[in-house]
Each structure stands twice: as C-alpha cells, then as structure tokens.
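> give me a 3D structure for the following:
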Amino acid sequence: QSFKTRYGLKKNVIIYLGQLNGAQYASLAINAFRTIMKKRNDTSLLVVGGGSMLDSLKEEAKDIESVVFTGFVKDEEVPLLLDVADIAVACFEENRITRAKSPLKIAEYLGSGKAIVASDVGEVPYMIGKAGVLVPPGDSEAIAEACLSLLSDPARMQKLRMNARKRAEKMFNWEHTAKNMLKSYSFFGQTPRSSAARYQSKKG
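So this is what the prediction gives:
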C-alpha cells in the first residue's frame, strides 16, 4: 500500500519535514496551506515528524481540509514519504539560530529531487542554489504564493526537481566536503596538519 493511499492524500502533495518541538516553523507551513486551500482543493499538506507540539499543531489545523500528520516515523520511511510529495517546504523565522543554520531537511529534500520552497535565511540560499524558490523568513503568505505558482506550472516544478538532484550530487560528495573543510581551516589561519601538530605538542 502506497503512502499516498494510506494517508488519503490528494493529487498534489506539499510536505513539511521536521521535529515538532519549540520553534513555530510548522505553523508557518500550516498557515500557508490555509491560504492555498482557498484557491485549490486538489492538494494535501503532509507534516512528517513527531514532537511535543504535535497535538497543538493538530488543533491548529483541525479546521483545514487535508492536513495530514504522520507523527514519528522511522528513518527508512522518510524517503518513501518524500517520494509522494510534489513540493517540499522549509520555512523559518529569522533569528540568531536560523542565521547560522544549515538545515538537514534541505539536504533530504535535495537528495529526493523535490521542488523546494524555503525561507531566505542563513545557509539556505547557498544550499538550495537553483533548486527552489526563496521567500522572506516568517512569511506564510509568500510560502503560499510560491507553492501556488509552482502547482500551476508543472514544467517549472520539473525543472526545479532536476536542479535539486544535480545540486545534491554536487554538494553531498566527499570531494566537496573536503574542499569546505580546507576552506574552514584556511579561514581560521591554520591547516589540518598544523592543527594536529599543535594538539600533539600540547600532549608533549
């Protein structure tokens, strides 16, 4: 049985993936979907993840048709859930934490080849590249508008999916990771070798 059938999802699926604790980021996705449902009734919002705010978020969304909460899921189920989605949302407020954030969900979205709508904050623009649409942080209306625009333009959405896979291949390989590590060492005025040597000298 497919996840689309299991959860009774509609033709188009927007997914939000994340731990539902503390920060109100999932609320941004829910509020955006409230706007989307006023213009389209062929779309579901799939909220994947568990956490202390799950019940309150369910209460918040109880008057919106076709918002589905999975609760906690096993790691191996995440790619299967992402596979049924057309658009993946990564929404954030702008604050000290998000300005320094490289969200794991972006990596998962890219690896799954999703068209992404994300808040323009922190490392998000760099991570996404040309694989998504950036919107102002904390703006649920902008999220809704971006999703509606993509849903009405399948060719553009397909292009973003292709870009996502290419971006994932470029970003998440050992060579790229090594280059970033060397850049970090250079920024701090040291090399991997000098750092190790310094550690050894301290031991002596």
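> now the helix or strand containing residue 80: buried residues?
Taking DSSP states H and E as the definition, one finds residue 80 inside helix 78-83. Of the residues in helix 78-83, 78, 81-82 count as buried by neighbour count, 16 or more other CB atoms under 10 Å. Heads up, the C-betas are built off the backbone N, CA and C, glycines and all.
> list the contacts of whichever helix or strand comes after that helix.
Downstream of helix 78-83, the next assigned helix or strand under DSSP H and E is strand 87-90. Residues from elsewhere that reach strand 87-90, judged by CB atoms under 8 Å, 6 or more residues apart in numbering: 12-17, 29, 32, 82, 103, 105-106, 109, 112, 114-119, 124, 143, 147, 150-151, 157.
> where does pLDDT dip in the protein?
In the predicted model, the chain carries pLDDT under 70 at residues 1, 23, 95-102, 173-204.
> re earlier: which ChimeraX command selects the buried ones in the contacts of strand 87-90?
Selecting only the buried entries of those in ChimeraX, with 16+ other CB under 10 Å as the criterion:
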select :12,13,14,15,16,17,29,32,82,103,105,106,109,112,114,115,116,117,118,119,124,143,147,150,151,157
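> so what does the nearest residue to residue 40 once chain neighbours are set aside look like in phi/psi?
Closest residue to residue 40 apart from its sequence neighbours, by CB to CB, 6 or more residues apart in numbering: residue 151 at 6.5 Å. The phi and psi torsions at residue 151 (degrees, to the nearest 10) take the values phi -60, psi -30.
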